[in-house]
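Engineer: no sequence on this one, just coordinates:
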């Protein structure tokens, strides 16, 4: 999700966000992609998004993302065909892309991930939504996520997240685990030998946040710590105020092997004694790579106050 122009005309909602009209007949919420039904205008939107992101990401996206994009049959001039993607992706890491109408219920989402099926929105945003969309569409899901699913480390981590999500639902700790997904799979940064790089899909699919996360002085950049992340709220409607940085992608393999149940108890106990952390907060135990100025968030708050 990007952070611009939320005042654009209201868009049609899809999947779970649309209520009963968005629910498909299948229990797993999958639908045919119906690739042949995409219009020239929809392919043109894909091309616009694809071309501007691929021009922007060199030197910003991590090596694993670049390698995945190179090896997948993703073309600039048309929305990818999921069947063609799966012919390459499944032999590589065992994952496949399945089409869904949009957002799906949590239990359905986790079950897909636990079985190495990545649910991708079938629809694509409209031309006036290039820089802001409430829901994940085919560009976010395919361009942002699928290249990283070609990487065995990310492939194992997201499957483990799906399995963990099913357990967290039963334990009532899903909000804590969701923060891990948000600050890794969606908005994660990784330290490479040649500098900080993007691996999170929410950043990689966003023109504006691809620049903001690395170049802007406003956000904090902090070394990843699992318990700290689980205690930290996040922004869903704007740029992140903090980014957590992995030392290397293999750190995700370590996370995939973690027993989260005692960590949930630890976080709940901490929260009983001190408040959870807001996105802009730093703690004395943080290993801070960059202390943000907070200037962007302050400007946004000022604009909101003036608009009231």
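Structural biologist: Thanks, I have it. It should be emphasised that the depicted structure is a prediction, and the values quoted were computed from it without experimental measurement.
Engineer: contacts for the helix or strand of the chain with the lowest mean pLDDT next, please.
Structural biologist: Least confident helix or strand, the chain: helix 295-307 with a mean of 87, by mean pLDDT, DSSP states H and E. Here helix 295-307 makes contact (CB atoms under 8 Å, 6 or more residues apart in numbering) with 212, 216-219, 238-239, 241, 280. Quick note: C-beta positions are derived from backbone N, CA and C, even for glycine.
Engineer: let's see 7 Å
Structural biologist: 216-218, 238-239, 241, 280 (CB atoms under 7 Å, 6 or more residues apart in numbering).
Engineer: tell me which residues of it come out buried.
Structural biologist: Buried positions in helix 295-307, judged by neighbour count with 16 or more other CB atoms under 10 Å: 296-297, 300.
Engineer: what bits of the protein have low per-residue confidence?
Structural biologist: 1-11 (pLDDT under 70).
Engineer: and the residue most central in space within it, how far from residue 126?
Structural biologist: Geometric centre of the chain, nearest residue: residue 186, 2.3 Å, by CA atoms, centre = their mean. From residue 186 over to residue 126 the distance is 22 Å, taken as CB to CB, to the nearest Å.
Engineer: and residue 173, by the same measure?
Structural biologist: Residue 173 is 37 Å from residue 126, by CB to CB.
Engineer: when these two are compared, which one has more neighbours?
Structural biologist: The neighbour comparison of residue 173 against residue 126 (other CB atoms under 10 Å) goes to residue 173, with 20 against 16.
Engineer: need the contact list for the more buried one.
Structural biologist: residue 264.
Engineer: what's the answer for residue 273, then?
Structural biologist: No contacts exist for residue 273 under CB under 7 Å, 6+ apart.
Engineer: begin at 43 from now on, thanks
Structural biologist: Let's use 43 as the start, then, which means that last one is residue 315.
Engineer: tell me the secondary structure for the closest residue to residue 146 other than its chain neighbours?
Structural biologist: Distance criterion CB to CB, 6 or more residues apart in numbering; nearest residue to residue 146, sequence neighbours excluded, is residue 71 at 4.4 Å. Under DSSP: H, G, I helix; E, B strand; the rest coil, residue 71 falls in the coil class.
Engineer: residue 149 is in contact with residue 71, correct?
Structural biologist: No. Using CB atoms under 7 Å as the test, residue 71 is too far from residue 149 to be in contact (10.3 Å).
Engineer: pick out whichever of these two has more residues nearby.
Structural biologist: Ranked by neighbour count (other CB under 10 Å), residue 71 and residue 149 place residue 71 first, with 24 against 11.
Engineer: now do the buried residues in stretch 77-94.
Structural biologist: 80, 84, 87-88, 91-92.
Engineer: swap in stretch 199-209?
Structural biologist: 199-204, 206-209.
Engineer: with secondary structure and distance to residue 153 added, can I get those residues in TSV?
Structural biologist: Shown next, in TSV, are the buried residues of stretch 199-209 (DSSP: H, G, I helix; E, B strand; the rest coil; distance: CB to CB, whole Å):
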residue	secondary structure	distance to residue 153
199	helix	17
200	helix	13
201	helix	11
202	helix	14
203	helix	12
204	helix	7
206	helix	12
207	helix	9
208	helix	7
209	helix	12
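Engineer: nearest to residue 224, of those?
Structural biologist: Taking CB to CB as the measure, residue 224 lies nearest residue 203 of those, at 11.1 Å.
Engineer: and the closest one, what does it touch?
Structural biologist: Residues in contact with residue 203 (CB under 7 Å, 6+ apart) are 155, 223.
Engineer: repeat that with 8 Å
Structural biologist: By CB under 8 Å, 6+ apart, the contact list for residue 203 reads 152, 155, 219, 222-223, 227, 298.
Engineer: could you do residue 167 as well?
Structural biologist: Counted by CB under 8 Å, 6+ apart, residue 167 has contacts 53, 87, 175, 179, 181.
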